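S.K.: how would this look folded up:
(one chain, ligands or ions: 1)
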Amino acid sequence: MPLLAVAVGLLALDAFVLWLVLSGAPYIPTKKAGLEKIMACCGDVSGRKALDIGSGDGRIVIALARAGAEAHGVEINPLLVWWSRYNIRRAGLSGKAFIHRHNLWNFDCSGYQVVTLFGITHIMKRLEKKLRRELKPGARVVSIAFKFPTWPVAQKNEVVYAFDQT
Ligand SMILES: C[S@@+](CC[C@H](N)C(=O)[O-])C[C@H]1O[C@@H](n2cnc3c(N)ncnc32)[C@H](O)[C@@H]1O
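M.R.: Coordinates of the predicted model:
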């Protein structure tokens, strides 16, 4: 009986992990060098409203808030939501950086002028459609490692790509 419970538990965990991977990207934190390139591609974010899609442990949200943005993250994994909120408090950025526990596909991105993401190949087509539909002209999207299928690259810094909403 305990063995059956363990097997069911493991299957449920596998299904959850598979669902996480298919609905977005697995958790791979951006390294320091990548973070610097992302921030350079974002330009001057001071006074702007910025969003990190799939915000992980909050490192990009924290960097955006430190650079003067009103920084938001949307993250589906409850553990990472808890951890990133803890990191924000520890960084003294409460009131400047916010994490929303949400599925990115149901999250309204229309109010953001700067959007960052570290996605995965299979979500880029759908994400391009969503962001092009929702973002206002002048908004900038900065993507690490993955390009959108049809959105022209406005700026490139090694493996970091910027896209401008027109
Ligand atoms: C590659 S990690 C990037 C983490 C962070 N942005 C960074 O660069 O360090 C992708 C993140 O997206 C989150 N994620 C995956 N699917 C998601 C979804 N449908 N909605 C919101 N977040 C999602 C994962 O939990 C993970 O934390």
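S.K.: quick one, what contacts the residue sitting nearest the centre point of the chain?
M.R.: In the chain, the centroid-proximal residue (C-alpha atoms, centre = their mean) is residue 53; its distance is 2.3 Å. By C-beta atoms under 8 Å, 6 or more residues apart in numbering, the contact set of residue 53 is 74, 104, 107, 109, 115, 116, 117, 119, 127. Yep, even glycine has a C-beta here, placed from its N, CA and C like the rest.
S.K.: any idea of the pLDDT on the closest residue in space to it that isn't next to it in sequence?
M.R.: Spatially, and ignoring its direct neighbours in sequence, residue 53 is nearest to residue 117 (4.2 Å; C-beta to C-beta, 6 or more residues apart in numbering). Among the per-residue scores, residue 117 shows a pLDDT of 97.
S.K.: so which of the contacts of residue 53 is the closest to the ligand?
M.R.: Within those, the smallest distance to the ligand is 3.5 Å, found for residue 104 (C-beta to the nearest ligand atom).
S.K.: and the helix or strand harbouring residue 73, how far out from the chain's middle?
M.R.: Using DSSP states H and E, residue 73 maps to strand 70-75. Offset of strand 70-75 from its chain centre (C-alpha atoms, centre = their mean, to the nearest Å): 8 Å.
S.K.: cool, and stretch 116-131?
M.R.: So, by C-alpha atoms, centre = their mean, the centroid of stretch 116-131 is 10 Å from its chain's centroid.
S.K.: and for stretch 151-162?
M.R.: The answer for stretch 151-162 is 16 Å, by C-alpha atoms, centre = their mean.
S.K.: over to stretch 126-135?
M.R.: The gap between the average C-alpha position of stretch 126-135 and the chain average comes to 14 Å, counting by C-alpha atoms, centre = their mean.
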